[in-house]
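okay, structure incoming, though there's no sequence with it:
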């Protein structure tokens, strides 16, 4: 559900004195706002075992942040399940993940507080996730999809992360410049997507190590992150 038309009309026009330089904050979901990567790992391991293979921690690591169909192709290559298509494997994986979400996904430290404070301050927030639309509302239920003015799901872009398309699309739909948005990510592919789109990028590594990259700011967690700090990142550009 989107309130995009209402929020976009309230965004300050360029050149207005006292305009907030930060025009939007764009959040990844899995591993950034919610602690769901272990649920993906469990779902992947169960499916691979059913197909006669073994899913290792390294297999999970190299797939963190990827969309479902690329993971599906990886699983087919790993298990030799050539009788299935990547889409079929993705659907099987999603069914397992959705079943695990019934108990709810834990919200990452500081994530709920940050989303709430930015929303109260009137900062437009957009969810930018590789997860497909059918799972988004259930997955983000611990925070609530209504906290975001818009959301871009993995099956709604021409090219998913690590391509910049998801973040470019989010900024375009808001009518703002990517360089005046802060993107928050936890994975290598997500950081590449956001940074290549031109967003000020905050990396909060979770299950995988993220190599240093020029222009990317690293945090141990979202605890203590506030509007003033995020605005300073944009102002420093």
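Now that the structure is in, tell me what you want to look at. Computed from a prediction, not measured in an experiment: that's the story for all the values here. Numbering: from 1, shown residues only.

tell me where the protein has strands.
Listed in chain order, the strands of the chain (DSSP state E) span 24-27, 34-35, 106-107, 125-128, 150-152, 181-185, 200-203, 216-218.

which elements pack onto the third one?
By that I understand strand 106-107. Judged by 3 or more C-beta pairs under 8 Å, 6 or more residues apart in numbering; DSSP states H and E, strand 106-107 is in contact with strand 34-35. C-beta: built from backbone N, CA, C; applies to glycine.

residues in contact with residue 217?
200, 201, 202, 203, 233 (C-beta atoms under 8 Å, 6 or more residues apart in numbering).

quick check: the first one touching residue 182?
Yes: applying C-beta atoms under 8 Å as the test, residue 200 and residue 182 come out as touching, 4.7 Å apart.

the helices in the chain, which residues?
Listed in chain order, the helices of the chain (DSSP state H) span 4-10, 37-50, 57-63, 68-79, 86-100, 111-120, 133-139, 165-174, 188-196, 227-235.

distance from the chain centre to the last one, please.
This means helix 227-235. Between the centre of helix 227-235 and the centre of its chain there are 20 Å (C-alpha atoms, centre = their mean, to the nearest Å).

ok, now the fourth one?
Helix 68-79 has its average C-alpha position 20 Å from the chain's average C-alpha position, going by C-alpha atoms, centre = their mean.

run through who's touching it.
Contacts for helix 68-79 (C-beta under 8 Å, 6+ apart): 44, 47-48, 51-53, 55, 59, 62-63, 66, 81-82, 84-90, 93-94, 130-132, 154, 160.

average pLDDT for it?
Averaged across helix 68-79, pLDDT comes to 93.

relative to helix 37-50, how tilted is that helix?
40 degrees (axes from the mean of the first three to the mean of the last three C-alpha atoms, to 10 degrees).

list the buried residues in helix 68-79.
68, 69, 70, 71, 72, 73, 74, 75, 76, 78, 79 (16 or more other C-beta atoms under 10 Å).

ok, now how distant is the first one from residue 142?
Using C-beta to C-beta, to the nearest Å, one gets 21 Å for the distance from residue 68 to residue 142.

repeat for the second one
Relative to residue 142, residue 69 is positioned 26 Å away (criterion: C-beta to C-beta).

ok, back up a step: please identify which of the strands of the chain is closest to residue 175.
strand 24-27 (9.7 Å; C-beta to C-beta).

which other residues reach the closest one?
Under C-beta under 8 Å, 6+ apart, the answer for strand 24-27 is 33, 115, 118, 123-128, 148, 167, 170-171, 174, 176, 180-184, 194, 199, 230.

list the beta-bridge partners for residue 218.
residue 203 (DSSP bridges).

number of residues surrounding it?
13 (other C-beta atoms under 10 Å).

follow-up on the earlier one: with mean pLDDT added, can I get the strands of the chain in JSON lines?
As requested, those are exported to JSON lines (pLDDT from 0 to 100):
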{"stretch": "strand 24-27", "mean pLDDT": "98"}
{"stretch": "strand 34-35", "mean pLDDT": "94"}
{"stretch": "strand 106-107", "mean pLDDT": "94"}
{"stretch": "strand 125-128", "mean pLDDT": "98"}
{"stretch": "strand 150-152", "mean pLDDT": "98"}
{"stretch": "strand 181-185", "mean pLDDT": "98"}
{"stretch": "strand 200-203", "mean pLDDT": "98"}
{"stretch": "strand 216-218", "mean pLDDT": "98"}
